[in-house]
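# with the input below, show me the fold.
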Amino acid sequence: MTYKSETGKLGEDIACQYLFNKGFTIIDRNFRKPWGELDIITKRKDGVLVFVEVKTIRQSGNAAILPEENLTHSKLEKLKRTSYLFANSNKNLFDDEKGWQIDLVAITLAGGEYTINHYENI
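Here you go, the predicted structure:
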């Protein structure tokens, strides 16, 4: 496993625990299609299906890079396409009235600590 993939997996693990603590139910992780991947598929307490993109960076020195900056327009379009496919293939997982959304969980690792920013319905 590469350093980058280790960082990504750690970020996804942290995000899953964060979401679980917020009352979300984790349905699946790393749903892959040739054109995109969904990091975490979850459901909020109110029944809304949520596709969560996780962006994680390891902060070193005084660099002011934010994980949010790694979510490009192209990546967001792939997320939308993959989310539509999953939702349309799994209509039993959500209520049409409540629908579904895409969230971003941005994690910055610094030493043994981390910060989380959760952006809903991006």
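# can you give me the helices in this protein?
3-21, 73-89 (DSSP state H).
# now the longest one: buried residues?
The one in question is helix 3-21. In terms of neighbour count (16 or more other C-beta atoms under 10 Å), helix 3-21 has its buried residues at T7, G8, L10, G11, E12, I14, A15, C16, Y18, L19. Using the backbone N, CA and C atoms, a C-beta is placed for each residue, glycine as well.
# can you tell me how far F31 is from T42?
12 Å (C-beta to C-beta, to the nearest Å).
# neighbour count winner among those two?
Using other C-beta atoms under 10 Å, the more surrounded residue of F31 and T42 is T42, with 21 against 18.
# quick one, what contacts that one?
By C-beta atoms under 8 Å, 6 or more residues apart in numbering, T42 lies in contact with L19, F24, T25, I26, I27, L49, V50, V52.
# which ChimeraX command selects the buried ones in the residues you listed?
The buried subset of these, as determined by 16+ other C-beta under 10 Å, is captured in ChimeraX by this line:
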select :19,24,27,49,50,52
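# please identify which of the helices of the chain is closest to A64.
For those, proximity to A64 was assessed by C-beta to C-beta; helix 3-21 is nearest, at 17.9 Å.
# just checking, what packs against that closest one?
strand 25-33, strand 36-43, strand 49-58, strand 100-110, strand 113-119 (3 or more C-beta pairs under 8 Å, 6 or more residues apart in numbering; DSSP states H and E).
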